[in-house]
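*Asks:* Requesting a structural model of the entry that follows:
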Amino acid sequence: MDLDVFVTAHRAEWDRLEELLRRRRRLTGAEADELVALYQRTSTHLSLVQSSAPDPALTGRLTSLVARARSAVTGARRSTWRDAGRFFAVGFPAAVHRARHWWIPTALLSTLVAVVIGWWIGTHPEVQSAIAAPEQLREMTRPGGQYETYYSSHPAASFAAQVWTNNAQAAAICLIFGAFLGIPVLWVLFQNMLNIGIGIGLMASAGRLDTFLGLILPHGLLELTAVFVAAGTGLRLGWTVIDPGPRSRRAALAEEGRAAIGMALGLAAVLFVSGVIEGFVTPSGLPTWARITIGVVAEVAFLAYVHLLGARAVRAGEMGDVEAADRPAEVPTAA
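*Replies:* Numbers count the residues shown, from 1 in each chain. All right, here's what the predicted structure looks like:
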(Lines give C-alpha, C1' and ligand atoms only; values in the text may rest on other atoms or scores of the structure.)
Protein backbone atom coordinates (compact mmCIF):
# COMPACT_ATOMS: atom_id res chain seq x y z
CA MET A 1 0.00 0.00 0.00
CA ASP A 2 1.28 3.46 -0.97
CA LEU A 3 1.04 5.35 2.32
CA ASP A 4 1.16 8.83 0.78
CA VAL A 5 -1.69 8.05 -1.60
CA PHE A 6 -3.69 6.48 1.24
CA VAL A 7 -3.26 9.55 3.48
CA THR A 8 -4.18 11.92 0.64
CA ALA A 9 -7.33 9.91 -0.09
CA HIS A 10 -8.60 9.81 3.49
CA ARG A 11 -7.19 12.88 5.25
CA ALA A 12 -10.37 14.86 4.68
CA GLU A 13 -12.41 12.15 6.47
CA TRP A 14 -10.07 12.17 9.46
CA ASP A 15 -10.13 15.96 9.65
CA ARG A 16 -13.92 15.91 9.49
CA LEU A 17 -14.06 13.32 12.28
CA GLU A 18 -11.77 15.50 14.40
CA GLU A 19 -14.01 18.48 13.81
CA LEU A 20 -17.13 16.56 14.84
CA LEU A 21 -15.41 15.30 17.97
CA ARG A 22 -14.48 18.84 19.02
CA ARG A 23 -18.13 19.87 19.12
CA ARG A 24 -19.75 16.51 19.80
CA ARG A 25 -22.12 17.98 22.41
CA ARG A 26 -23.72 20.24 19.79
CA LEU A 27 -24.21 17.81 16.92
CA THR A 28 -27.37 17.56 14.90
CA GLY A 29 -28.91 14.16 14.23
CA ALA A 30 -27.34 13.99 10.78
CA GLU A 31 -23.93 14.95 12.15
CA ALA A 32 -24.18 12.27 14.85
CA ASP A 33 -24.87 9.68 12.14
CA GLU A 34 -21.92 11.03 10.19
CA LEU A 35 -19.68 10.72 13.26
CA VAL A 36 -20.63 7.06 13.65
CA ALA A 37 -19.92 6.35 9.98
CA LEU A 38 -16.58 8.16 10.10
CA TYR A 39 -15.66 6.28 13.30
CA GLN A 40 -16.29 2.96 11.56
CA ARG A 41 -14.31 3.94 8.47
CA THR A 42 -11.40 5.31 10.50
CA SER A 43 -11.27 2.08 12.51
CA THR A 44 -10.89 0.21 9.23
CA HIS A 45 -8.20 2.65 8.10
CA LEU A 46 -6.28 2.08 11.34
CA SER A 47 -6.37 -1.69 10.84
CA LEU A 48 -5.10 -1.33 7.28
CA VAL A 49 -2.25 0.96 8.33
CA GLN A 50 -1.23 -1.34 11.18
CA SER A 51 -1.18 -4.42 8.98
CA SER A 52 0.18 -3.03 5.71
CA ALA A 53 2.20 0.12 6.33
CA PRO A 54 2.82 0.71 10.04
CA ASP A 55 3.84 4.34 10.32
CA PRO A 56 4.24 5.46 13.99
CA ALA A 57 2.99 9.01 13.51
CA LEU A 58 -0.04 8.05 11.45
CA THR A 59 -0.85 5.08 13.69
CA GLY A 60 -0.72 7.34 16.73
CA ARG A 61 -3.08 9.88 15.21
CA LEU A 62 -5.59 7.30 14.03
CA THR A 63 -5.46 5.41 17.34
CA SER A 64 -6.26 8.62 19.20
CA LEU A 65 -9.07 9.45 16.79
CA VAL A 66 -10.62 5.98 17.05
CA ALA A 67 -10.41 5.99 20.86
CA ARG A 68 -12.04 9.42 21.14
CA ALA A 69 -14.70 8.51 18.59
CA ARG A 70 -15.46 5.26 20.36
CA SER A 71 -15.92 7.14 23.62
CA ALA A 72 -18.25 9.59 21.89
CA VAL A 73 -20.27 6.84 20.21
CA THR A 74 -20.58 4.41 23.11
CA GLY A 75 -20.51 6.92 25.95
CA ALA A 76 -18.39 6.78 29.09
CA ARG A 77 -19.24 3.88 31.36
CA ARG A 78 -19.16 4.30 35.12
CA SER A 79 -18.87 1.53 37.63
CA THR A 80 -21.94 1.14 39.83
CA TRP A 81 -23.02 -0.91 42.81
CA ARG A 82 -24.66 -3.20 40.27
CA ASP A 83 -21.21 -3.99 38.88
CA ALA A 84 -19.92 -4.85 42.35
CA GLY A 85 -22.95 -7.04 43.01
CA ARG A 86 -22.54 -8.82 39.69
CA PHE A 87 -18.85 -9.38 40.37
CA PHE A 88 -19.44 -11.11 43.71
CA ALA A 89 -22.53 -12.99 42.52
CA VAL A 90 -21.23 -14.11 39.12
CA GLY A 91 -17.71 -13.07 38.09
CA PHE A 92 -15.69 -14.01 41.16
CA PRO A 93 -17.28 -17.40 41.89
CA ALA A 94 -17.07 -18.28 38.19
CA ALA A 95 -13.35 -17.45 38.10
CA VAL A 96 -12.66 -19.54 41.22
CA HIS A 97 -14.75 -22.44 39.92
CA ARG A 98 -13.00 -22.38 36.55
CA ALA A 99 -9.62 -22.53 38.27
CA ARG A 100 -10.58 -25.50 40.49
CA HIS A 101 -8.53 -27.97 38.46
CA TRP A 102 -5.47 -25.94 39.42
CA TRP A 103 -6.09 -24.82 42.99
CA ILE A 104 -7.60 -28.04 44.41
CA PRO A 105 -4.53 -30.15 43.45
CA THR A 106 -2.38 -27.27 44.69
CA ALA A 107 -4.18 -27.39 48.04
CA LEU A 108 -3.82 -31.17 48.38
CA LEU A 109 -0.15 -31.26 47.43
CA SER A 110 0.71 -28.26 49.61
CA THR A 111 -1.05 -29.78 52.61
CA LEU A 112 0.84 -33.01 52.04
CA VAL A 113 4.12 -31.10 51.95
CA ALA A 114 3.30 -29.36 55.25
CA VAL A 115 2.41 -32.69 56.88
CA VAL A 116 5.61 -34.35 55.64
CA ILE A 117 7.72 -31.43 56.89
CA GLY A 118 5.92 -31.60 60.24
CA TRP A 119 6.48 -35.34 60.53
CA TRP A 120 10.15 -34.96 59.62
CA ILE A 121 10.74 -32.23 62.20
CA GLY A 122 8.66 -33.93 64.89
CA THR A 123 10.47 -37.27 64.60
CA HIS A 124 14.03 -35.98 64.23
CA PRO A 125 15.44 -34.20 67.31
CA GLU A 126 18.56 -33.20 65.37
CA VAL A 127 16.37 -31.21 62.96
CA GLN A 128 14.66 -29.49 65.88
CA SER A 129 18.02 -28.53 67.37
CA ALA A 130 18.98 -27.00 64.02
CA ILE A 131 15.89 -24.76 64.17
CA ALA A 132 16.54 -23.30 67.64
CA ALA A 133 18.22 -24.00 70.96
CA PRO A 134 16.38 -26.35 73.36
CA GLU A 135 15.50 -23.45 75.70
CA GLN A 136 13.99 -21.51 72.81
CA LEU A 137 12.00 -24.53 71.63
CA ARG A 138 10.57 -25.02 75.13
CA GLU A 139 9.63 -21.33 75.28
CA MET A 140 7.87 -21.60 71.93
CA THR A 141 5.89 -24.78 72.68
CA ARG A 142 5.12 -24.59 76.42
CA PRO A 143 1.60 -23.67 77.65
CA GLY A 144 1.36 -19.93 77.34
CA GLY A 145 4.42 -19.90 75.07
CA GLN A 146 5.02 -18.02 71.85
CA TYR A 147 2.76 -20.18 69.69
CA GLU A 148 -0.21 -19.48 71.95
CA THR A 149 0.46 -15.83 72.76
CA TYR A 150 1.11 -14.93 69.13
CA TYR A 151 -2.61 -14.55 68.47
CA SER A 152 -3.29 -12.42 71.55
CA SER A 153 -0.11 -10.34 71.78
CA HIS A 154 -1.66 -7.36 69.94
CA PRO A 155 -5.06 -5.63 70.01
CA ALA A 156 -7.53 -7.69 67.99
CA ALA A 157 -8.40 -4.97 65.48
CA SER A 158 -4.80 -4.04 64.62
CA PHE A 159 -3.76 -7.71 64.55
CA ALA A 160 -6.61 -8.55 62.15
CA ALA A 161 -5.60 -5.63 59.89
CA GLN A 162 -1.96 -6.73 59.91
CA VAL A 163 -2.86 -10.35 59.12
CA TRP A 164 -5.18 -9.28 56.32
CA THR A 165 -2.49 -7.06 54.78
CA ASN A 166 0.17 -9.78 54.90
CA ASN A 167 -2.09 -12.47 53.45
CA ALA A 168 -3.44 -10.15 50.75
CA GLN A 169 0.14 -9.38 49.71
CA ALA A 170 0.97 -13.10 49.49
CA ALA A 171 -2.14 -13.73 47.38
CA ALA A 172 -1.35 -10.76 45.14
CA ILE A 173 2.19 -12.05 44.56
CA CYS A 174 0.78 -15.41 43.49
CA LEU A 175 -1.67 -13.80 41.09
CA ILE A 176 0.48 -11.04 39.62
CA PHE A 177 3.76 -12.92 39.31
CA GLY A 178 2.18 -16.13 38.07
CA ALA A 179 2.99 -14.98 34.55
CA PHE A 180 6.68 -15.61 35.33
CA LEU A 181 6.04 -19.31 34.60
CA GLY A 182 4.66 -19.77 38.14
CA ILE A 183 8.10 -19.82 39.79
CA PRO A 184 7.39 -17.05 42.38
CA VAL A 185 4.12 -18.83 43.20
CA LEU A 186 5.95 -22.04 44.11
CA TRP A 187 8.27 -20.07 46.39
CA VAL A 188 5.39 -18.38 48.23
CA LEU A 189 3.64 -21.73 48.63
CA PHE A 190 6.77 -23.41 49.97
CA GLN A 191 7.36 -20.65 52.51
CA ASN A 192 3.79 -20.95 53.80
CA MET A 193 3.91 -24.74 54.04
CA LEU A 194 7.35 -24.63 55.69
CA ASN A 195 6.07 -22.33 58.44
CA ILE A 196 3.05 -24.54 59.05
CA GLY A 197 5.17 -27.70 58.95
CA ILE A 198 7.57 -26.29 61.54
CA GLY A 199 4.66 -25.48 63.84
CA ILE A 200 3.18 -28.96 63.41
CA GLY A 201 6.51 -30.66 64.04
CA LEU A 202 7.57 -28.65 67.09
CA MET A 203 4.18 -28.74 68.80
CA ALA A 204 3.78 -32.47 68.03
CA SER A 205 7.18 -33.21 69.56
CA ALA A 206 6.04 -31.36 72.71
CA GLY A 207 2.81 -33.38 72.84
CA ARG A 208 0.69 -30.29 72.12
CA LEU A 209 -0.38 -30.80 68.49
CA ASP A 210 -4.05 -30.56 69.51
CA THR A 211 -3.41 -27.08 70.91
CA PHE A 212 -1.68 -26.00 67.70
CA LEU A 213 -4.51 -27.27 65.51
CA GLY A 214 -7.04 -25.61 67.80
CA LEU A 215 -5.27 -22.31 67.20
CA ILE A 216 -4.69 -22.55 63.46
CA LEU A 217 -7.86 -24.23 62.18
CA PRO A 218 -10.44 -21.53 63.04
CA HIS A 219 -8.91 -19.02 60.65
CA GLY A 220 -6.46 -21.22 58.75
CA LEU A 221 -9.03 -23.19 56.78
CA LEU A 222 -10.39 -20.13 54.98
CA GLU A 223 -7.06 -18.31 54.90
CA LEU A 224 -5.15 -21.18 53.33
CA THR A 225 -7.96 -21.87 50.86
CA ALA A 226 -7.67 -18.28 49.64
CA VAL A 227 -3.90 -18.67 49.30
CA PHE A 228 -4.36 -21.96 47.42
CA VAL A 229 -6.88 -20.35 45.06
CA ALA A 230 -4.45 -17.51 44.38
CA ALA A 231 -1.56 -19.93 43.88
CA GLY A 232 -3.54 -22.21 41.58
CA THR A 233 -4.67 -19.24 39.51
CA GLY A 234 -1.12 -17.94 39.33
CA LEU A 235 0.15 -21.32 38.17
CA ARG A 236 -2.57 -21.46 35.52
CA LEU A 237 -1.53 -18.00 34.33
CA GLY A 238 2.06 -19.21 34.13
CA TRP A 239 0.98 -22.24 32.11
CA THR A 240 -0.94 -19.96 29.75
CA VAL A 241 2.39 -18.40 28.78
CA ILE A 242 3.60 -21.86 27.74
CA ASP A 243 0.37 -23.19 26.24
CA PRO A 244 -2.26 -20.55 25.38
CA GLY A 245 -4.48 -23.14 23.67
CA PRO A 246 -6.55 -22.13 20.63
CA ARG A 247 -6.28 -18.43 21.50
CA SER A 248 -3.34 -16.25 20.60
CA ARG A 249 -0.88 -15.92 23.47
CA ARG A 250 -1.66 -12.23 23.77
CA ALA A 251 -5.42 -12.78 23.90
CA ALA A 252 -5.08 -15.69 26.34
CA LEU A 253 -2.86 -13.74 28.71
CA ALA A 254 -5.15 -10.71 28.54
CA GLU A 255 -8.23 -12.79 29.36
CA GLU A 256 -6.61 -14.81 32.14
CA GLY A 257 -4.84 -11.73 33.49
CA ARG A 258 -8.08 -9.76 33.78
CA ALA A 259 -9.70 -12.70 35.58
CA ALA A 260 -6.70 -12.92 37.93
CA ILE A 261 -6.91 -9.22 38.79
CA GLY A 262 -10.60 -9.57 39.51
CA MET A 263 -9.88 -12.61 41.63
CA ALA A 264 -7.40 -10.57 43.66
CA LEU A 265 -10.23 -8.23 44.66
CA GLY A 266 -12.49 -11.13 45.59
CA LEU A 267 -9.80 -12.90 47.59
CA ALA A 268 -9.05 -9.68 49.45
CA ALA A 269 -12.63 -9.85 50.76
CA VAL A 270 -12.21 -13.54 51.68
CA LEU A 271 -8.94 -12.82 53.48
CA PHE A 272 -10.61 -9.96 55.32
CA VAL A 273 -13.07 -12.47 56.78
CA SER A 274 -10.27 -14.86 57.76
CA GLY A 275 -8.35 -11.94 59.28
CA VAL A 276 -11.37 -11.01 61.41
CA ILE A 277 -11.63 -14.62 62.59
CA GLU A 278 -7.90 -14.73 63.37
CA GLY A 279 -8.02 -11.43 65.23
CA PHE A 280 -11.22 -11.94 67.22
CA VAL A 281 -12.11 -15.65 67.29
CA THR A 282 -8.78 -17.51 67.46
CA PRO A 283 -7.51 -15.74 70.62
CA SER A 284 -10.95 -15.60 72.25
CA GLY A 285 -11.98 -17.50 75.34
CA LEU A 286 -14.40 -19.69 73.40
CA PRO A 287 -13.98 -23.46 73.74
CA THR A 288 -11.75 -25.02 71.12
CA TRP A 289 -14.67 -26.89 69.53
CA ALA A 290 -16.60 -23.62 69.15
CA ARG A 291 -13.68 -21.81 67.54
CA ILE A 292 -13.04 -24.66 65.11
CA THR A 293 -16.76 -24.84 64.29
CA ILE A 294 -16.72 -21.16 63.30
CA GLY A 295 -13.77 -21.83 61.01
CA VAL A 296 -15.42 -24.88 59.45
CA VAL A 297 -18.67 -22.98 58.85
CA ALA A 298 -16.77 -20.14 57.14
CA GLU A 299 -14.88 -22.63 54.97
CA VAL A 300 -17.99 -24.61 53.98
CA ALA A 301 -19.84 -21.39 53.19
CA PHE A 302 -17.04 -20.23 50.89
CA LEU A 303 -16.78 -23.56 49.08
CA ALA A 304 -20.55 -23.73 48.61
CA TYR A 305 -20.54 -20.14 47.35
CA VAL A 306 -17.85 -20.64 44.70
CA HIS A 307 -18.96 -24.07 43.54
CA LEU A 308 -22.74 -23.59 43.49
CA LEU A 309 -22.85 -20.03 42.14
CA GLY A 310 -19.66 -20.52 40.16
CA ALA A 311 -20.81 -23.71 38.43
CA ARG A 312 -24.09 -22.08 37.47
CA ALA A 313 -22.29 -19.00 36.11
CA VAL A 314 -19.82 -21.09 34.11
CA ARG A 315 -22.67 -23.12 32.58
CA ALA A 316 -24.18 -19.81 31.50
CA GLY A 317 -20.95 -18.94 29.69
CA GLU A 318 -19.33 -16.73 32.33
CA MET A 319 -15.51 -16.84 32.31
CA GLY A 320 -14.73 -14.57 35.24
CA ASP A 321 -13.60 -11.87 32.80
CA VAL A 322 -14.92 -8.31 32.73
CA GLU A 323 -18.14 -7.68 30.83
CA ALA A 324 -17.90 -7.81 27.05
CA ALA A 325 -18.49 -4.08 26.73
CA ASP A 326 -15.41 -3.37 28.83
CA ARG A 327 -13.06 -5.69 26.92
CA PRO A 328 -10.76 -4.35 24.22
CA ALA A 329 -11.63 -5.39 20.70
CA GLU A 330 -9.63 -8.35 19.49
CA VAL A 331 -7.60 -7.98 16.31
CA PRO A 332 -8.20 -10.83 13.85
CA THR A 333 -5.17 -13.05 13.32
CA ALA A 334 -4.35 -15.43 10.51
CA ALA A 335 -4.83 -19.10 11.33
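*Asks:* list the contacts for residue 223?
*Replies:* 167, 271, 274, 275, 278 (CB atoms under 8 Å, 6 or more residues apart in numbering). Heads up, the C-betas are built off the backbone N, CA and C, glycines and all.
*Asks:* let's go with 10 Å and repeat that
*Replies:* 163-164, 167, 170-171, 192, 216, 270-271, 273-275, 277-278, 295, 298-299 (CB atoms under 10 Å, 6 or more residues apart in numbering).
*Asks:* separation between it and residue 21?
*Replies:* Separation of residue 223 from residue 21 (CB to CB, to the nearest Å): 51 Å.
*Asks:* Show me which helix runs longest in the protein.
*Replies:* The residue-count maximum for a helix in the chain (DSSP state H) belongs to helix 209-242.
*Asks:* List the buried residues for it?
*Replies:* In terms of neighbour count (16 or more other CB atoms under 10 Å), helix 209-242 has its buried residues at 209, 211-241.
*Asks:* So what's the model's average confidence on that helix?
*Replies:* Helix 209-242 comes out with an average pLDDT of 89.
*Asks:* continuing past that helix, what's the next helix or strand?
*Replies:* Going down the chain from helix 209-242, the next helix or strand is helix 249-276, by DSSP states H and E.
*Asks:* Can you list the buried residues in that following helix?
*Replies:* For helix 249-276, by 16+ other CB under 10 Å, it's 251-260, 262-264, 266-268, 270-276.
*Asks:* which strands and helices sit next to it?
*Replies:* Here helix 249-276 touches helix 92-98, helix 156-176, helix 209-242, helix 288-304, going by 3 or more CB pairs under 10 Å, 6 or more residues apart in numbering; DSSP states H and E.
*Asks:* let's see it at 6 Å
*Replies:* helix 92-98, helix 156-176, helix 209-242 (3 or more CB pairs under 6 Å, 6 or more residues apart in numbering; DSSP states H and E).
*Asks:* can you list contacts of the next helix or strand after the shortest one?
*Replies:* Right, the one you point to is helix 92-98. Counting by DSSP H and E, the element after helix 92-98 in chain order, helix or strand, is helix 100-122. For helix 100-122, the external contacting residues (CB atoms under 6 Å, 6 or more residues apart in numbering) are 127, 189, 193, 196-197, 200-201, 204-205, 228-229, 231-232, 235-236.
*Asks:* out of those residues, what pair is the most spread apart?
*Replies:* The largest separation in the contacts of helix 100-122, counting by CB to CB, is between 205 and 236 at 37.4 Å.
*Asks:* Setting aside sequence neighbours, what's the nearest residue to residue 39?
*Replies:* residue 69 (3.8 Å; CB to CB, 6 or more residues apart in numbering).
*Asks:* Just the angle for the longest helix of the chain relative to helix 100-122, thanks.
*Replies:* 140 degrees (axes from the mean of the first three to the mean of the last three CA atoms, to 10 degrees).
*Asks:* could you give the angle of helix 209-242 to helix 156-176?
*Replies:* Using the same axes, to 10 degrees: helix 209-242 against helix 156-176 is 30 degrees.
*Asks:* count of residues packed around residue 48?
*Replies:* By other CB atoms under 10 Å, the residues close to residue 48 number 14.
*Asks:* Using the three-state scheme, assign it.
*Replies:* Residue 48 falls in the helix class when you classify it by DSSP: H, G, I helix; E, B strand; the rest coil.
*Asks:* what separates residue 296 from residue 62, distance-wise?
*Replies:* Going from residue 296 to residue 62 by CB to CB gives 58 Å.
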